[in-house]
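# Have a look at this fold, sequence not included:
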Ligand SMILES: Nc1ncnc2c1ncn2[C@@H]1O[C@H](COP(=O)(O)OP(=O)(O)OC[C@H]2O[C@@H]([n+]3cccc(C(=O)O)c3)[C@H](O)[C@@H]2O)[C@@H](O)[C@H]1O
Ligand SMILES: Nc1ncnc2c1ncn2[C@@H]1O[C@H](COP(=O)(O)OP(=O)(O)OP(=O)(O)O)[C@@H](O)[C@H]1O
Ligand SMILES: NC(=O)CC[C@H](N)C(=O)O
């Protein structure tokens with residue numbers, strides 16, 4: 001007869017430093033796990049304080065308040081008779097650790113600190129914590145919190161890397177990054193006969209990443225057998241990351257429970273029943289046995305609590321959960337769902353009345369606007385489904401009617417403002433019309449205004465104050481003077497956008513007033529190339545598309561056109577990207593790609609090589625000269641790479657003021673949290689790096705010439721041979 005265990009994991013929408021809210025969500029998840037008859041509940045990494053506290057981990061308060069919440073949870077009547085695996089930070093002998101608290105019926109069995117800290121990309125755990133002293137090392141921890149001492153009936157508990165032994169099985173915890181390391185703890189734990197391994201994570205979303213995480217999780221139990229339970233945070237916990245849930249339960253490499261990746265449900269519990277006999281029979285292999293004999297041994301902590309379901313004795317029909325196929329979203333769906341869920345969390349947590357977008361009729365602001373409409377679609381779905389938290393949030397934010405707005409357009413109209421800020425000579429009727437058409441299609445509260453007066457007032461300050469008449473380059477002025485005029489427009493648009501954001505709700509008589517959050521729309525390519533104005537109207541409160549490049553954005557807009565049924569989106573895809581900062585003339589209209597001296601597609605490729613492949617100018621040239629050999633000469637590639645790095649270098653200072661954006665890609669150039677670079681870089685022309693490119697280019701061109709010569713000689717050789725052959729043939733024929 002099988003030995004059945006019912007276990008629960010969860011995704012919680014925690015918020016850094018929201019101790020009360022976080023605690024309530026933890027208790028709710030335990031309630032739901034118990035209702036599903038689970039004997040073990042696993043929660044996300046550092047769930048009590050919220051994973052993303054960053055430098056608040058340097059404050060003792062964060063540790064003390066976490067203990068205070070833990071005491072409340074452990075005493076709570078709904079949190080008894082279930083084994084708990086809860087995440088929080090712990091200070092021990094003046095060092096700080098990222099820990100799991102394994103507890104049962106108000107008592108701590110073990111504090112398990114993280115062994116391998118996450119410290120790349122967005123992660124800075126080494127700044128806040130120490131890794132645990134050594135694998136398998138255990139010592140005593142002295143409880144500081146008086147309430148906890150009382151509850152424990154002791155003032156010491158074990159801290160370290162140990163196994164929890166129950167009469168019927170054993171389990172152990174590993175934490176997030178430990179799964180990503182080559183020598184993961186689950187390998188030795190499995191060889192030590194641990195049948196259940198938990199993994200508690202604070203793991204963020206990037207496009208196409210779930211595949212990597214799922215393969216690692218499945219692999220963790222496929223080779224060595226066993227049950228692997230994965231918990232993760234979900235949502236925006238106060239920073240640029242979207243934690244993408246996807247709680248998972250698997251056995252011997254097969255999924256038996258998978259939670260949502262993106263969701264507006266604050267507490268999502270995933271439960272499955274698994275059969276320990278399936279693990280035991282899988283592990284009965286001689287080669288594994290030989291390795292198990294040699295595996296280093298662990299200290300065990302014993303508890304008389306049994307994890308196996310007593311239900312199996314009572315209910316003969318209780319069966320293990322069936323195997324499931326892994327569920328993935330397409331990258332376009334991922335953009336829609338991650339931006340939508342992130343924007344909703346940001347809005348409801350910020351206390352603002354909604355969003356405002358400066359809508360230009362170009363693709364980028366269109367993409368940003370579409371992410372907000374996508375958010376309204378997700379919210380609408382939850383309203384129809386009766387999600388109480390979402391209903392309460394919508395009631396709080398949407399105040400223009402007593403009736404709950406329910407369709408995406410109704411919701412959009414209440415919380416989303418757009419404003420087109422035209423100039424009579426610079427703005428085309430096409431961009432103005434596209435902005436209006438998009439606004440009508442998605443239902444924003446739209447204003448179409450002209451800012452000529454503001455522009456003229458600024459320009460006249462110079463004319464009247466100095467007598468100098470600034471002109472555009474097409475009128476014969478130097479580039480720098482023309483740029484100054486262009487920048488008046490973009491900067492006054494920013495000031496105007498914030499004005500409309502502050503006053504928008506009052507203009508519409510929103511009960512209680514309120515302000516709107518200004519949305520930005522700079523994309524990765526523009527940011528890298530520096531093709532935007534410092535403090536222009538994409539300097540906003542938050543930018544949902546700031547780490548997505550133009551190619552991915554185009555795919556996203558195309559997908560939305562069909563999925564959301566918004567035909568006008570095709571017009572944005574067909575339009576030539578233009579900043580419209582210079583007067584339009586019969587034979588001249590500004591174009592982004594001409595201005596930049598490179599295409600957005602080339603920028604996408606170079607952006608990935610710079611960040612993801614970690615290539616400098618020389619490495620990038622070496623790579624691209626091979627990659628693009630069929631379409632560009634080596635000299636053209638060298639020119640392009642040099643142009644890219646030159647502008648990247650002289651404009652890197654602009655990244656310091658870039659709008660915070662949702663982190664969606666590993667090629668993100670975000671200077672503030674992810675892509676840390678100097679902001680005063682040498683301009684590269686005349687540099688050592690470019691000199692080395694020139695040397696390589698000279699070698700390549702020499703090689704090309706020699707190849708050409710050899711080719712010609714071979715051709716002529718072949719020609720002569722052919723002629724000889726022909727002559728031979730003719731002789732033969734003769
Ligand atoms: N090394 C350095 N470290 C710190 N700051 C530095 C600096 N060098 C210049 N600066 C400062 O940077 C500023 C100059 O940069 P910035 O004002 O951006 O001006 P700039 O880069 O000269 O011009 C903006 C460019 O963005 C283009 N553009 C394209 C699309 C849309 C938009 C738009 O705005 O809608 C704009 C526009 O056509 C133009 O080519 C000045 O304040 C200058 O003092
Ligand atoms: N006439 C305008 N009215 C309102 N906002 C504008 C206007 N012109 C520019 N903006 C704002 O400035 C941002 C930067 O302009 P930019 O030209 O780079 O982007 P875009 O027009 O949205 O897209 P594209 O780069 O495809 O033309 C826009 O996304 C938009 O938010
Ligand atoms: N919190 C963690 O340890 C996360 C690290 C891990 N590399 C991830 O991206 O998911």
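Cool, the structure landed. Just so you know, these numbers come straight off a predicted model, no measurement behind them. Residues are numbered from 1 along each chain as shown. Ligands and ions are numbered 1, 2, ... in the order given.

# What count of nearby residues applies to residue 458?
When counting by other C-beta atoms under 10 Å, one arrives at 17 neighbours for residue 458. (C-beta placed from N, C-alpha, C; glycine too.)

# Please list all residues in contact with it.
488, 492 (C-beta atoms under 8 Å, 6 or more residues apart in numbering).

# I'd like to know how far it sits from residue 495.
According to C-beta to C-beta, to the nearest Å, residue 458 and residue 495 sit 10 Å apart.

# Just the local confidence number for residue 702, please.
For residue 702, the pLDDT comes out at 97.

# whoops, I mixed them up, residue 583
For residue 583, the predicted pLDDT is 80.

# and the gap between the closest residue in space to it that isn't next to it in sequence and ligand 2?
Nearest residue to residue 583, sequence neighbours excluded (C-beta to C-beta, 6 or more residues apart in numbering): residue 425, at 4.1 Å. Residue 425 is 12 Å from ligand 2, where distance means C-beta to the nearest ligand atom, to the nearest Å.

# Can you tell me the SS state at residue 425?
coil (DSSP: H, G, I helix; E, B strand; the rest coil).

# can you check residue 272 too?
strand.

# Run a quick neighbour tally on it.
Residue 272 is flanked by 25 other residues according to other C-beta under 10 Å.

# Surely it and residue 4 touch.
No - in this structure, residue 272 is not within contact of residue 4 by C-beta atoms under 8 Å, at 10.4 Å.

# So for these two, which residues contact both of them?
With C-beta under 8 Å, 6+ apart, residue 272 and residue 4 have common neighbours residue 320.

# quick one: pLDDT of the closest residue to ligand 1 within the stretch 201-350 of the chain?
Residue of the stretch 201-350 of the chain nearest ligand 1, by C-beta to the nearest ligand atom: residue 339 (21.5 Å). At residue 339, the pLDDT value in this model is 98.

# Equivalent analysis for residue 588, please.
78.

# give the contact list for it.
474, 582.

# Within range of ligand 1, give me the residues from the stretch 1-150 of the chain.
Neighbours of ligand 1 within the stretch 1-150 of the chain, by C-beta under 6 Å from any ligand atom: none found.

# low pLDDT regions in the stretch 1-150 of the chain?
Applying pLDDT under 70 to the stretch 1-150 of the chain flags the ranges 1-2.

# show me what contacts the residue nearest to residue 442 when sequence neighbours are not counted?
In this structure, residue 442 finds its nearest non-sequential neighbour in residue 373, 4.1 Å apart by C-beta to C-beta, 6+ apart. Neighbour list for residue 373: 408, 412, 416, 442, 443, 564, 566 [criterion: C-beta under 8 Å, 6+ apart].

# Next step: these restricted to helices.
Counted as lying in helices by DSSP state H, out of these, are 408, 412, 442.

# Point me to the residue of the stretch 301-450 of the chain nearest ligand 1.
Nearest to ligand 1, among the residues of the stretch 301-450 of the chain, is residue 360, at 7.8 Å (C-beta to the nearest ligand atom).

# any idea which element the closest residue to that residue other than its chain neighbours lies in?
Using C-beta to C-beta, 6+ apart and skipping the chain neighbours, the partner closest in space to residue 360 is residue 431 (6.1 Å). According to DSSP states H and E, residue 431 maps onto helix 429-442.

# what's around residue 294, how many residues?
Residue 294: 7 surrounding residues under other C-beta under 10 Å.

# Shouldn't residue 536 be within a helix?
No - Residue 536 is assigned coil when assessed by three-state DSSP, not a helix.

# How about it: what's its closest non-neighbour residue?
Here the residue nearest residue 536, using C-beta to C-beta, 6+ apart, is residue 490, at 3.4 Å.

# quick one: contacts for residue 561?
567, 569, 570, 573.

# three-state assignment of it?
Secondary structure, three-state DSSP: residue 561 is helix.

# Per-residue pLDDT of it, please?
The predicted local confidence for residue 561 is 98.

# Show me the domain layout of the chain.
For the chain, automatic domain parsing gives the domain ranges 4-328, 332-595, 597-650+686-734.

# chain center to the first one, what's the gap?
Using C-alpha atoms, centre = their mean, to the nearest Å, we find the averaged C-alpha position of domain 4-328 to lie 22 Å away from the chain's own average C-alpha position.

# what's the span of that domain, first residue to last?
29 Å (C-alpha to C-alpha, to the nearest Å).

# that older thread, quick one: which helix or strand includes the residue nearest to residue 536?
Using DSSP H and E, residue 490 falls within helix 479-507.

# Mean pLDDT per helix and strand in the chain: which one sits at the bottom?
helix 311-314 (a mean of 64; mean pLDDT, DSSP states H and E).

# Tell me which helix or strand comes right after it.
helix 331-350.

# Which of the residues in that next one are classified as buried?
In terms of neighbour count (16 or more other C-beta atoms under 10 Å), helix 331-350 has its buried residues at 331-349.

# Which residue, neighbours along the chain excluded, lies closest to the residue of the stretch 401-550 of the chain found nearest ligand 3?
The nearest approach of the stretch 401-550 of the chain to ligand 3 comes at residue 547, 15.0 Å away (C-beta to the nearest ligand atom). Distance criterion C-beta to C-beta, 6+ apart; nearest residue to residue 547, sequence neighbours excluded, is residue 668 at 3.5 Å.

# Same check on residue 472?
residue 482 (4.7 Å).

# Downstream of the helix holding residue 431, the next helix or strand is which one?
Next helix or strand after helix 429-442 toward the C-terminus (DSSP H and E): strand 445-450.

# Low-confidence regions, this structure specifically.
If you take pLDDT under 70 as the line, the chain has these spans: 1-2, 311-314, 719-734.

# Going by proximity to ligand 2, name the top residue of the protein.
Nearest residue of the chain to ligand 2: residue 362, at 2.2 Å (C-beta to the nearest ligand atom).

# what's the neighbour count on that residue?
By other C-beta under 10 Å, the residues close to residue 362 number 20.

# mind listing what residue 440 touches?
residue 446.

# Roughly how far does it sit from residue 446?
From residue 440 to residue 446 the distance is 8 Å (C-beta to C-beta).

# quick one, what contacts residue 276?
Going by C-beta under 8 Å, 6+ apart, the list of residues near residue 276 reads 2, 3, 4, 5, 168, 169, 195, 227, 308.

# could the residues you listed be laid out in CSV, adding secondary structure, neighbour count and distance to residue 214?
Formatted as CSV, the contacts of residue 276 follow (DSSP: H, G, I helix; E, B strand; the rest coil; neighbours: other C-beta atoms under 10 Å; distance: C-beta to C-beta, whole Å):
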residue, secondary structure, neighbour count, distance to residue 214
2, coil, 16, 26
3, coil, 19, 27
4, strand, 22, 25
5, strand, 27, 22
168, coil, 15, 29
169, coil, 20, 25
195, coil, 24, 21
227, strand, 26, 16
308, strand, 19, 27
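
# quick one: which of the residues you listed is nearest ligand 1?
residue 227 (53.5 Å).

# Residue 304 versus the closest residue to that closest one other than its chain neighbours, what's the distance?
In space, and not counting its chain neighbours, residue 227 is closest to residue 196: 4.5 Å by C-beta to C-beta, 6+ apart. Using C-beta to C-beta, we find residue 196 at a distance of 17 Å from residue 304.

# what does the protein have sitting close to ligand 3?
Neighbours of ligand 3 within the chain, by C-beta under 6 Å from any ligand atom: 45, 118, 123, 176, 177, 180, 201, 202, 203.
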